[in-house]
Structure formats: structure tokens, C-alpha cells
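[1] kindly generate the corresponding structure for this input.
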Amino acid sequence: MPRKTGWMIMTLSASLALGACGQTEQKTAPHAEQEKQETHAEHEGHASHTGADQLERTTSPTIAPSFLKETDSSIQTIYLSVAKHQDLLEKMPCYCGCGESAGHTSNYDCFIADQTQSGETTWTTHGITCGTCLDIAAQSIVAYQQGTPIKQIRDDIDAAYAKTGATPTKTPAL
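    The predicted model follows:
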């Protein structure tokens, strides 16, 4: 199976789980670990294009930015789910290199640059271009919805991506 197809299947599965009304059992594809490593390998040039990330402000975290209109519905689902899980994703590191290249401190920063008390949300296109960012967000949110403790989710993300040799964002320890 081509790497992009495998990644899209995993992302679509995650988005379906995110969009479900009830809690569902998370299943891991047999080749998920290899796909994570391949996604990171595909994305090693990510640091070279983070300067091209675009920002868009909406009046609410429930209003998707216009740049998502041309993306797959699974990406749209992940973005809107990220906005609902700020506290969770600010505790999850990202392993795409954005900590060094874009100054991100967590996986949340890969999708949202700012969110005010009034709900105005400044979205970034960063996550659209990065399978690693999307994968970490989807895995974290699905596990959280299933009742997995935040510390365990963080440990699982760190363990999975430590094998890639990528440097994580400087997300504070839990």
C-alpha cells in the first residue's frame, strides 16, 4: 500500500472515531508504527516550508477557516476537534520539527496560533501539510475520548515517536 494511502486510511479512521457520537474502541493498524516512521521520513523537509504557513482568524472555534474547504473531510474534522481539545493538545508534543523551525511548543500550535477568551481563533495551515501533526492530534483526541488518562496518552505518543529519532517540541513535562 502506498504510504499516502495508508496514512489517509489511518486519518480517515481517526476522523470517523472523532466524529462518532459515542465512544468507540480504538484499533491500531498492524503497520501503524512503520507508517509513523515513514510519515516522519516523508516530512523531514517540513522545516523548510513552515515559513509559508498561512493564518486565518474566525470569530469562533466552531467556524472552520476557509483554507480547509479544499481539504479532505478527515482533516477538517481533526482541525475542529483540536479547537475543542486545547488543554489536551497543549500537553502533547509534536515530532515534525516544528519546535525548532516554527517555535511551536505543542501539537496544538500546529493547528491554532491563538485563541482568545471571546472565542476568536487564529488557525494555521501548518497541520494540513503534516501527517505527523494530524496523526498525533487524532490519536490523542481519540484516546482521550475513550477515557485514557492524559499522562498515558503523552507517554504513548512519546514512546511511538521516540523510535523515529525526531526531536519533539519543548512541551512541558506532565
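[2] which residues touch the residue of the chain most remote from its centre?
    Taking C-alpha atoms, centre = their mean, the residue of the chain most remote from its mean C-alpha position is S118, at 23.8 Å. If you count contacts by C-beta atoms under 8 Å, 6 or more residues apart in numbering, S118 has none. Quick note: C-beta positions are derived from backbone N, CA and C, even for glycine.
[3] please repeat the previous calculation with a cut-off of 10 Å.
    Applying C-beta atoms under 10 Å, 6 or more residues apart in numbering to S118 gives the contacts T59, S60.
[4] that one in helix, strand or coil?
    What DSSP: H, G, I helix; E, B strand; the rest coil gives for S118 is coil.
[5] what of E56?
    Assigned with three-state DSSP, E56 falls in the strand class.
[6] next one: it from S81, what distance?
    Separation of E56 from S81 (C-beta to C-beta, to the nearest Å) stands at 18 Å.
[7] over to S73?
    12 Å.
[8] now swap in G147 and tell me
    16 Å.
[9] about what we covered before: looking at S73 and S81, which one has more neighbours?
    S81 (23 against 12; other C-beta atoms under 10 Å).
[10] please identify which helix or strand holds the more buried one.
    Here S81 sits within helix 73-84, counting by DSSP states H and E.
[11] now do that helix, average pLDDT.
    When pLDDT is averaged over helix 73-84, the result is 97.
[12] check which helices and strands the following helix or strand past that helix sits against.
    Per DSSP H and E, the first helix or strand lying C-terminal to helix 73-84 is helix 86-89. Judged by 3 or more C-beta pairs under 10 Å, 6 or more residues apart in numbering; DSSP states H and E, the packing partners of helix 86-89 are helix 73-84, strand 112-115, helix 131-145, helix 150-162.
[13] what about helix 86-89, distance to the chain center?
    Distance of helix 86-89 from the chain centroid (C-alpha atoms, centre = their mean, to the nearest Å) equals 11 Å.
[14] for it, which positions count as buried?
    Within helix 86-89, the residues scored as buried using 16 or more other C-beta atoms under 10 Å are Q86, L88, L89.
[15] show me which positions of stretch 164-174 end up buried.
    Here stretch 164-174 shows T164, A166, P168, T169, T171 as buried, counting by 16+ other C-beta under 10 Å.
[16] about what we covered before: closest one of the buried residues of helix 86-89 to D155?
    Closest to D155 out of these is L88 (14.0 Å), distances taken as C-beta to C-beta.
[17] you'd agree D87 is up against Y108?
    Yes: the pair D87 / Y108 is scored as a contact, 9.0 Å apart, by C-beta atoms under 10 Å.
[18] if we can go back for a sec, mind putting the helices and strands packed on helix 86-89 into TSV with distance to T122?
    TSV is the format used below for these (distance: least, C-beta to C-beta, whole Å):
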stretch	distance to T122
helix 73-84	11
strand 112-115	4
helix 131-145	16
helix 150-162	25
